[in-house]
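**Q** coords please:
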Amino acid sequence: MVLVMPQGDYSYYVNAAGDRSRSYEDYIVQDLLAHAEAEFPIAKGRATRAIIGVSMGGFGAINIALRHPDLFVFAGALSPAIDVARRQFSIRRVQQSWSLRSIFGPWGSEARRQNDPFLLVGSVAAGRAPYVYVTCGTEESLFPSNRAFAAVLAKDHVPSEFHSAAGGHDWTNWNRQLPVLFTCLRQHVGSGI
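**A** Numbering: from 1, shown residues only. Predicted structure coming up:
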């Protein structure tokens, strides 16, 4: 197994709305994949490729896998900020709201719809969706949105599993979940693992 861990800055791993210099999704699916396959002796193709992330990276992993189901057979997310493209402006979190607007565009924009995993689930052709693994601690503010996303996956018959356990948005929780995630990964990724 080869693990490639890219730097994502504060990007949610999407191509920022209106700013071509912040094309993080393109960086992952074009540049990084090609570079990794050229540098390391790894099997090429969807059957042996997974994308996994934590928090912002968990959103990015699911979003990218749903936008590019031809590239990844498995998407895993630990406490993903799965609802970030749906978040409206909040005066209590004004700085975060402006930052999200610079990434996803204004509320209701096409860029937000194109990067909303809740909507992307329905756009993936039957039988082409990656296997989606999601886990979230029950004490996290992200828990309700993750539980709602798991329900959307089930409703749309996307192969998936959702795990929750007591815990917060921290490595104490995520370290407990990693062995389960990697067991699931090994079950769903081809002989390259």
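**Q** show me the strands in the chain, by range?
**A** All strands of the chain, identified by DSSP state E, fall at 50-54, 74-78, 131-137, 160-165.
**Q** most tightly packed of those strands?
**A** strand 74-78 (a mean of 27; mean count of other C-beta atoms under 10 Å). Where you see a C-beta, it was placed from the backbone N, CA and C, and this is true even at glycine.
**Q** what does that one rub up against?
**A** With contact meaning C-beta atoms under 8 Å, 6 or more residues apart in numbering, strand 74-78 is reached by 49-55, 57-59, 61-62, 64-66, 130-136, 173-174, 177-178, 181, 184-185, 188-189.
**Q** and if we set it to 7 Å?
**A** 50-54, 58, 61-62, 65, 130-135, 174, 177, 181, 185, 188-189 (C-beta atoms under 7 Å, 6 or more residues apart in numbering).
**Q** which parts of the longest helix seen in the chain are buried?
**A** Looking across the chain with DSSP state H, the single longest helix is helix 171-188. Across helix 171-188, burial judged by 16 or more other C-beta atoms under 10 Å covers N173, W174, Q177, L181, C184, L185, H188.
**Q** turn those residues into JSON lines, including distance to A166.
**A** As requested, those are exported to JSON lines (distance: C-beta to C-beta, whole Å):
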{"residue": "N173", "distance to A166": "8"}
{"residue": "W174", "distance to A166": "13"}
{"residue": "Q177", "distance to A166": "12"}
{"residue": "L181", "distance to A166": "17"}
{"residue": "C184", "distance to A166": "20"}
{"residue": "L185", "distance to A166": "23"}
{"residue": "H188", "distance to A166": "26"}
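**Q** what distance separates the lowest-mean-pLDDT helix or strand in the chain from the centre of its chain?
**A** Every helix and strand of the chain was ranked by mean pLDDT, DSSP states H and E. The lowest is helix 94-104, at a mean of 81. Computed by C-alpha atoms, centre = their mean, to the nearest Å, the chain-centroid distance of helix 94-104 equals 19 Å.
**Q** cool, and stretch 115-135?
**A** 10 Å.
**Q** stretch 45-64 now?
**A** 5 Å.
**Q** what's in contact with it?
**A** In contact with stretch 45-64 (C-beta under 7 Å, 6+ apart) are residues 8, 12-14, 25, 28-29, 65, 70-82, 84, 115, 117, 120, 132, 169, 174, 185, 189-190, 192.
**Q** for it, list the C-alpha coordinates in PDB.
**A** Output of stretch 45-64 as PDB, limited to C-alpha atoms (Å, rounded to 0.1, in the frame of the first residue of the first chain):
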ATOM      1  CA  GLY A  45      -6.700   2.200 -12.300                       C
ATOM      2  CA  ARG A  46      -9.900   2.600 -10.300                       C
ATOM      3  CA  ALA A  47      -9.900  -0.900  -8.800                       C
ATOM      4  CA  THR A  48      -6.800  -0.200  -6.700                       C
ATOM      5  CA  ARG A  49      -7.400   3.400  -5.900                       C
ATOM      6  CA  ALA A  50      -8.900   4.900  -2.700                       C
ATOM      7  CA  ILE A  51      -9.200   8.400  -1.300                       C
ATOM      8  CA  ILE A  52      -9.500   9.100   2.400                       C
ATOM      9  CA  GLY A  53      -9.500  12.200   4.600                       C
ATOM     10  CA  VAL A  54     -10.200  13.700   8.000                       C
ATOM     11  CA  SER A  55     -12.500  16.600   8.600                       C
ATOM     12  CA  MET A  56     -11.900  19.000   5.700                       C
ATOM     13  CA  GLY A  57     -10.000  16.200   3.900                       C
ATOM     14  CA  GLY A  58     -12.900  13.900   4.600                       C
ATOM     15  CA  PHE A  59     -15.300  16.300   2.800                       C
ATOM     16  CA  GLY A  60     -12.700  16.500   0.000                       C
ATOM     17  CA  ALA A  61     -12.300  12.700  -0.300                       C
ATOM     18  CA  ILE A  62     -16.100  12.100  -0.600                       C
ATOM     19  CA  ASN A  63     -16.600  15.100  -2.900                       C
ATOM     20  CA  ILE A  64     -13.800  14.100  -5.200                       C
END
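**Q** much appreciated, bye for now.
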